[in-house]
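Participant: Following is a predicted model, sequence given first.
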Amino acid sequence: MIRDSNIFDEENVNPFADPKKKEKERANRETDLKKREQDIKRREDALTRAGVTIEEKNWPPFFPIIHHDITKEIPVHAQKLQYLAFASWLGIVLCLVYNVVAVTVCWIRGGGVIIFLLANIYALLGIPLSYLLWYRPLYRAMRTDSALKFGFFFLLYLIHIGFCIVAAVAPPIVFAGKSLTGILAAIDTLSDEVLVGVFYFIGFGLFCLEALLSLWVLQKIYLYFRGHK
């Protein structure tokens, strides 16, 4: 015997049951979302009270990869020094990138692929390490007035200056020094390829300027540190 379906079943007689159910689910989701937002806000407030700052990546503007906001986070009396240090960091970035360009020209002119690979290694390691090892500690030292971070900066910045001096000289230690655009490498390449020599002399000038700027920045920050303490 076939059982007839109950035409008075709730699903059949109540066409508004489904919309009400969906509306209830939507309300539950909104409530859950609000709870999550409140939880995140409580955590952020707790971190702020604990002195932990949430750093949003904002530089460079077209492709943010680091957090950098001197005008808002560094005291007004220290902002000029921080900008000078930032110029020093941008300077070493320029030097290392140009070094790759010049060495690439040398490689194309028959200088060998090894110096090209070394130049790229210098850039790929030097740029992020210079930021992490000495620029970032100085940024935080200026922001928090931490003597420990200042000390860390001074130690690593001296190594940075040492590298700039070695690069400006380019002694024939690693592959006749041609993986760095220093004066000795520039003289050596100029005798073989004038174009390569010109590129290397420009690189030599950039490393010299970076070394001089870095020495000046070191002196300024040391005087600031001594006077501030």
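Facilitator: Everything's here; your move.
Participant: Quick check, pLDDT for the residue most central in space within the chain.
Facilitator: With distances taken as CA atoms, centre = their mean, the chain has Ile66 as the residue nearest its mean C-alpha position (4.7 Å). Model confidence at Ile66, given as pLDDT, is 81.
Participant: Mind listing what's buried along the top helix by length along the chain?
Facilitator: Secondary structure assigned by DSSP state H gives helix 194-228 as the longest helix of the chain. Applying a neighbour-count criterion of 16 or more other CB atoms under 10 Å, one finds 196-197, 199-201, 203-208, 210-211, 213-214, 217-218, 221, 224-225 buried in helix 194-228. In this view, the C-beta of every residue, glycine as well, is placed from N, C-alpha and C.
Participant: Counting by contacts, list what that helix packs against.
Facilitator: The helices and strands touching helix 194-228, judged by 3 or more CB pairs under 8 Å, 6 or more residues apart in numbering; DSSP states H and E, are helix 79-106, helix 147-169, helix 183-192.
Participant: How is this protein divided into domains?
Facilitator: The chain breaks down by the TED database into domains covering 15-54, 59-228.
Participant: So which of those domains is the most surrounded?
Facilitator: Most buried of the domains of the chain by mean neighbour count (mean count of other CB atoms under 10 Å) is domain 59-228; its value is a mean of 18.
Participant: related to what we said a few turns ago, rank the domains of the chain by pLDDT, which is bottom?
Facilitator: Set side by side, the domains of the chain differ in mean pLDDT, and domain 15-54 is lowest with a mean of 65.
Participant: Isn't Ile70 up against Leu84?
Facilitator: No - between Ile70 and Leu84 no contact is recorded; they are 10.8 Å apart, counting by CB atoms under 8 Å.
Participant: quick one, the longest helix of the chain and helix 147-169 angle?
Facilitator: Helix 194-228 and helix 147-169 are oriented at 160 degrees to each other (axes from the mean of the first three to the mean of the last three CA atoms, to 10 degrees).
Participant: any idea how far helix 194-228 is from the chain center?
Facilitator: Chain-centre distance of helix 194-228: 20 Å, with CA atoms, centre = their mean, to the nearest Å.
Participant: now stretch 96-105
Facilitator: 20 Å.
Participant: Kindly report the same for stretch 103-122.
Facilitator: Using CA atoms, centre = their mean, the distance from the centre of stretch 103-122 to the centre of the chain it belongs to is 25 Å.
Participant: I would like the residues contacting that stretch, please.
Facilitator: 96, 99-100, 174-175, 178-181, 189, 193, 195-196, 199-200 (CB atoms under 8 Å, 6 or more residues apart in numbering).
Participant: cutoff 7 Å now
Facilitator: For stretch 103-122, the surrounding residues in contact (CB atoms under 7 Å, 6 or more residues apart in numbering) are Leu96, Asn99, Val100, Val174, Phe175, Lys178, Ser179, Thr189, Glu193, Leu195, Val196, Phe199.
Participant: tell me the contacts of the first one?
Facilitator: When the contact criterion is CB under 7 Å, 6+ apart, the partners of Leu96 are Tyr122, Ala123, Gly126, Ile127.
Participant: now the nearest residue to the third one once chain neighbours are set aside: how far from Glu210?
Facilitator: Yep, that's Gly126 we're talking about. On the basis of CB to CB, 6 or more residues apart in numbering, the spatially nearest residue to Gly126 that is not a chain neighbour turns out to be Leu96, at 5.0 Å. Look at Leu96 and Glu210: by CB to CB, to the nearest Å, they are 10 Å apart.
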